[in-house]
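Trainee: my questions concern the predicted model and sequence given below.
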Amino acid sequence: MNPTTPALARTDAPLEKTALEVYVAPDRPSLIGLSRAELMACLGELGVPEKQRKMRAQQLWHWMYVRGAQTFADMTNVSKDMRTQLEARFTVDRPEVVAEQISNDGTRKWLLRLPGDGVGRAHEVECVYIPETDRGTLCVSSQVGCTLNCSFCHTGTQRLVRNLTAGEIVGQVMVARDRLNDWVDRETPNGNRLVTNVVMMGMGEPLYNFDAVRDALNIVMDNEGIALSRRRITLSTSGVVPNIGRMGEETGVMLAISLHAVRDELRNELVPLNKKYPLAQLLDACRNYPGASNSRRITFEYVMLKGVNDSLDDAKLLVKLLKGIPAKINLIPFNPWPGSKYECSDWEQIEKFSEYVFNAGYSSPVRTPRGRDILAACGQLKSETEKLSVRERDALRAMAMTD
Ligand code: SAH
Ligand code: SF4
């Protein structure tokens, strides 16, 4: 078994990275998350003649991403011999569902187990499905834990952090469709899809896992597969400024910014990444976000913390700051978690804030907390896996290397 480290950036411009855990890939890797070219290379390893590889890769693509096949045996128009060979070397596994919780409002949360460090410690993430009347939104994780420590967020308190692979990110969409019976053959009265939107708002900072997130989103948007439109995908970032524009260029998805404060001093406290990329730089990156327009507005998320960031002065400054940016504002009532030090703003204050922003010309819906009873709401996601001390981490890494 080889310890696997995250893929390196593919272009010359430097991308910002954070230090991460090592994990050990399974002996038989999953084909989920590979590009067509990578699939063709896998077929080459099996001895498929070059001329056939493109067609065979396309066949696999269709079975995986249109039909949702969970085994090679399901792929009935692939020759038996080929299926046996594929089976011997690869899988089409998604992350393993280890727990499913269903809220009384219909929200579902899955705890997913991923390959761990090879010495007995599995890695876990959560993924949440939120059904609404006109859509079904899947909240997808990009990292186990998060290296950033926003003071109001539960995920930020998790110590163990690793990047998900593209396959593990696409795999969350596939797990949701498996569990909801949402593949093409499903029998429903109107045949409508259940997972219609994806938000990269689960665990982790997606722009600190740039390559895998970009590759995964491009697979989810691929017209010959899951085929979600880029307008139905939103990536939320706490503000990794150097990576914002590039994500826009390389995926075209909608952007959301976790703003939460309108003065640097307060934002430094709530979102410590602000010390590195202060508000002026962040808003500049938004002004330059590719494709932002009045019909493709940037969402500014603003968590309502009682007595901290919820005054009318804050609302006024917010409007001033966003001037000239095609923006909408999403007010998020703070979701408490065990041990959190903030309180959610009073409802009247949220309404006053929202009204001010609305009167200034911004759409400012208040995000209804969903799945609170199963700790599935924004910022509450935190897997069982705990963070390790540096010494523990080094010891585990050394063991994984010699395995
Ligand atoms: N790391 C990314 C994406 C995941 S968080 C980011 O920060 O943007 C999704 C949203 O939930 C973010 O806006 C985040 O700031 C917010 N959030 C975190 N903790 C929260 C809490 N306890 N209550 C409400 N919103 C929270
Ligand atoms: Fe990480 Fe986002 Fe939570 Fe901040 S809010 S700790 S960036 S997941």
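Mentor: That came through fine. Ligands and ions are numbered 1, 2, ... in the order given.
Trainee: contacts for stretch 58-70, please.
Mentor: 31-32, 36, 39, 74-75, 77-78, 92, 94, 174, 177-178, 183-185, 219, 222, 224-226 (Cβ atoms under 8 Å, 6 or more residues apart in numbering). For glycine as for every other residue, the C-beta is placed from the backbone atoms N, C-alpha and C.
Trainee: just how off-centre is it within its chain?
Mentor: The chain centroid and the centroid of stretch 58-70 are separated by 22 Å under Cα atoms, centre = their mean, to the nearest Å.
Trainee: check which residues of that stretch are buried.
Mentor: Of the residues in stretch 58-70, 59-65, 68-70 count as buried by neighbour count, 16 or more other Cβ atoms under 10 Å.
Trainee: ok, these vs L318, which is closest?
Mentor: Closest to L318 out of the buried residues of stretch 58-70 is Y65 (40.3 Å), distances taken as Cβ to Cβ.
Trainee: quick one: secondary structure of the nearest residue to L111 once chain neighbours are set aside?
Mentor: Leaving out its chain neighbours, the residue that sits closest to L111 by Cβ to Cβ, 6 or more residues apart in numbering is A99, at 4.1 Å. Following DSSP: H, G, I helix; E, B strand; the rest coil, the label given to A99 is strand.
Trainee: hey, which strand is longest across the chain?
Mentor: Ranked by residue count under DSSP state E, the longest strand found in the chain is strand 123-131.
Trainee: mind listing what that one pairs with, with the direction of each?
Mentor: If you go by DSSP bridges, strand 123-131 pairs up with strand 108-114 (antiparallel), strand 136-139 (antiparallel).
Trainee: packing partners for the host helix or strand of M304?
Mentor: M304 is part of strand 298-304 when elements are defined by DSSP states H and E. Contacts defined by 3 or more Cβ pairs under 8 Å, 6 or more residues apart in numbering; DSSP states H and E place strand 298-304 against strand 233-237, strand 254-258, strand 327-333, helix 347-359.
Trainee: is any residue of stretch 252-271 near ligand 1?
Mentor: Yes - contact of stretch 252-271 with ligand 1 (Cβ under 6 Å from any ligand atom) involves S258.
Trainee: that stretch - what's its average pLDDT?
Mentor: Averaged over stretch 252-271, pLDDT sits at 98.
Trainee: buried residues of it, list them for me.
Mentor: Per 16+ other Cβ under 10 Å, stretch 252-271 contains these buried residues: 252-262, 266-271.
Trainee: how long is that stretch end to end?
Mentor: For stretch 252-271, the first-to-last residue distance is 25 Å (Cα to Cα, to the nearest Å).
Trainee: now do the nearest residue to G371 once chain neighbours are set aside, the pLDDT please.
Mentor: Spatially, and ignoring its direct neighbours in sequence, G371 is nearest to T107 (3.2 Å; Cβ to Cβ, 6+ apart). We have a pLDDT of 92 for T107.
Trainee: then V184?
Mentor: 81.
Trainee: relative to ligand 1, how far out is it?
Mentor: Distance of V184 to ligand 1, given as Cβ to the nearest ligand atom, to the nearest Å: 30 Å.
Trainee: can you pull the contacts of that residue?
Mentor: Here V184 is in contact with 66-68 (criterion: Cβ under 8 Å, 6+ apart).
Trainee: in the strand holding M304, what counts as buried?
Mentor: Buried residues in strand 298-304, defined by neighbour count with 16+ other Cβ under 10 Å: 298-304.
Trainee: does ligand 1 sit close to that strand?
Mentor: Yes - under the criterion of Cβ under 6 Å from any ligand atom, strand 298-304 makes contact with ligand 1 via 301, 303.
Trainee: follow-up on the earlier one: pretty sure the residue nearest to G371 sits against E132.
Mentor: No - checked against Cβ atoms under 8 Å, the pair T107 and E132 is beyond contact range at 10.1 Å.
Trainee: looking at these two, which has the bigger crowd around it?
Mentor: Neighbours per residue, other Cβ atoms under 10 Å: of T107 and E132, the larger number sits with T107, 22 against 12.
Trainee: how near is that one to A280?
Mentor: 37 Å (Cβ to Cβ, to the nearest Å).
Trainee: so A285 is in which element?
Mentor: Using DSSP H and E, A285 maps to helix 279-287.
Trainee: just confirm G167 contacts S30, I think it does.
Mentor: Yes - using Cβ under 8 Å, G167 is in contact with S30, at 5.3 Å.
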